[in-house]
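Undergrad: coords please:
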Amino acid sequence: MGPHQLLSHVAAGQDGMLALAQALRAGLTRDQVRQLHRCGSWQRLLRGCFVPNAELSDSALRRARIRAAVVSLGPGAFAVLDTALELHGIGGLRRTPQVHVSVPVDRPRPQRALAPWLIVHQVTVGPGDVAEVTGVRATSPLRTVSDVILRVDRYPAVSVLDSALNQDRVTPAQLALIPGLIRGRRGAVAARCHVAEADGRAQSPLETRTRLRRVDGRVPPDTLQLEVRDDDGYLLGTGDLGWRGPRVIAEADGRDAHGTPEAAFADRRRQNRLVNAGWTILRFTWQDTLNPDYIPRTVRQAITATRYRTR
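TA: Coordinates of the predicted model:
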């Protein structure tokens, strides 16, 4: 296997990223690496870090940048905040181009910007606060969630907590530790309230936002992931949020889960079964959650109409 083939294989196991030291060990010279960069065959991410595949997808390039940032900042560096959430697969925040990485507090932080997309922090961590995720050092899920909810507003904070619970990145027992972990930190009072609202049954940030709109509008759901069965016990369908008494179900229609034709057909069949069983089905999108009054008003109208019909 030639050096270029070997390095392509190495990069494939490192999110598409290759370190200069690895290229030199494989037999390339610094001049050869410079030439590969100048001619566009290799893309330079940060000092000493390259992407040898110029046709990486946006998502693959993103992962390469995260790995390069941790590698380039030297021993002890680790991903934090939004970037650590991303590595752990925890949703709830809108993705931004920035990559957040911390250097140890006993090392100087770079005085100049290394890249427009890289933000360097100095985060104090304790034993067990840093873990490895697919070969990249990052704050642990519990520490990451604890840090993030101190910095964001209620809706994204609860969305992050819900996602961490739903994805089993944080257990209910660990969730109960968060108020103690954040005690005395800026934003801790509000964050403790966010922890109290977390519910791991929410399967997406959209479901979380839809639930919070109903709570704020004083029409909280009876339950999440409501199973509706017929008299023989056959499962007719599961609703995202439900009100058992008036037999109302609200669905949070996200683009990812409901955007394909197959998903749309399955949704229609399930909705037909539930409607025939006497349930009212409401459907809400992300845009609907931006209006604080629309969702609770629509739910309240459906509950009132259902009660009127059953008199």
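Undergrad: kindly list the longest strand within this structure.
TA: In the chain, assigned by DSSP state E, the strand with the most residues is strand 235-243.
Undergrad: pull the residues that contact that strand.
TA: 203, 207, 210-211, 214, 219, 221-230, 248-252, 270-271, 273-274, 277, 279, 281, 299, 303 (C-beta atoms under 8 Å, 6 or more residues apart in numbering). The C-beta positions use only the backbone N, C-alpha and C, and glycine is treated the same way.
Undergrad: can you tell me which helix or strand Glu132 belongs to?
TA: Using DSSP states H and E, Glu132 sits in strand 130-133.
Undergrad: how about the strands in the protein?
TA: 18-19, 43-46, 49-51, 78-79, 99-102, 118-121, 130-133, 136-139, 223-229, 235-243, 248-252, 280-284.
Undergrad: between the ones you listed, which one is nearest to Arg67?
TA: With C-beta to C-beta as the measure, strand 136-139 is the member of the strands of the chain nearest Arg67 (5.4 Å).
Undergrad: so how far is that closest one off the chain centroid?
TA: 16 Å (C-alpha atoms, centre = their mean, to the nearest Å).
Undergrad: which elements pack onto that strand?
TA: Helices and strands in packing contact with strand 136-139 are listed as helix 58-72, strand 78-79, helix 81-88, strand 130-133; criterion 3 or more C-beta pairs under 8 Å, 6 or more residues apart in numbering; DSSP states H and E.
Undergrad: run a quick neighbour tally on Arg112.
TA: Arg112 has 4 neighbouring residues, counting by other C-beta atoms under 10 Å.
Undergrad: where's it relative to Gly74, distance?
TA: Taking C-beta to C-beta, to the nearest Å as the measure, Arg112 and Gly74 are separated by 16 Å.
Undergrad: nearest residue to the residue nearest the centre of the chain other than its sequence neighbours?
TA: Ranked by distance to the mean C-alpha position of the chain (C-alpha atoms, centre = their mean), the top residue is Gly91 at 1.8 Å. Spatially, and ignoring its direct neighbours in sequence, Gly91 is nearest to Ser163 (4.2 Å; C-beta to C-beta, 6 or more residues apart in numbering).
Undergrad: enumerate every residue touching the one you found.
TA: Neighbouring residues of Ser163 by C-beta under 8 Å, 6+ apart: Ile90, Gly91, Gly92, Arg169, Ala202, Ser204, Pro205, Thr208.
Undergrad: about what we covered before: export the strands of the chain as CSV, with columns for mean neighbour count, mean pLDDT and distance to Leu177.
TA: What follows is those, written out as CSV (neighbours: other C-beta atoms under 10 Å; pLDDT from 0 to 100; distance: least, C-beta to C-beta, whole Å):
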stretch, mean neighbour count, mean pLDDT, distance to Leu177
strand 18-19, 22, 89, 37
strand 43-46, 20, 90, 35
strand 49-51, 23, 89, 36
strand 78-79, 26, 97, 21
strand 99-102, 25, 96, 21
strand 118-121, 18, 95, 23
strand 130-133, 16, 94, 16
strand 136-139, 24, 96, 15
strand 223-229, 15, 93, 23
strand 235-243, 20, 92, 28
strand 248-252, 25, 94, 29
strand 280-284, 18, 95, 33
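Undergrad: the ones you listed into a markdown table, with extra columns for distance to Pro292?
TA: Below are the strands of the chain laid out as a markdown table (distance: least, C-beta to C-beta, whole Å):
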| stretch | distance to Pro292 |
| --- | --- |
| strand 18-19 | 49 |
| strand 43-46 | 42 |
| strand 49-51 | 44 |
| strand 78-79 | 34 |
| strand 99-102 | 30 |
| strand 118-121 | 32 |
| strand 130-133 | 36 |
| strand 136-139 | 33 |
| strand 223-229 | 20 |
| strand 235-243 | 17 |
| strand 248-252 | 16 |
| strand 280-284 | 13 |
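Undergrad: which residues are contacting stretch 100-113?
TA: Contacts for stretch 100-113 (C-beta under 8 Å, 6+ apart): 66, 69-70, 73-74, 76-84, 118-125, 139.
Undergrad: quick one: pLDDT of Met1?
TA: pLDDT, Met1: 54.
Undergrad: can you offset everything so residue one is 669?
TA: Noted, 669 is the first residue going forward, which turns the last one into Met669.
Undergrad: quick check: bridge partners of the closest residue to Ile917 other than its chain neighbours?
TA: Leaving aside its chain neighbours, Ile917 sits nearest to Gly907 (3.3 Å; criterion: C-beta to C-beta, 6+ apart). For Gly907, the beta-bridge partners are Leu894 (DSSP bridges).
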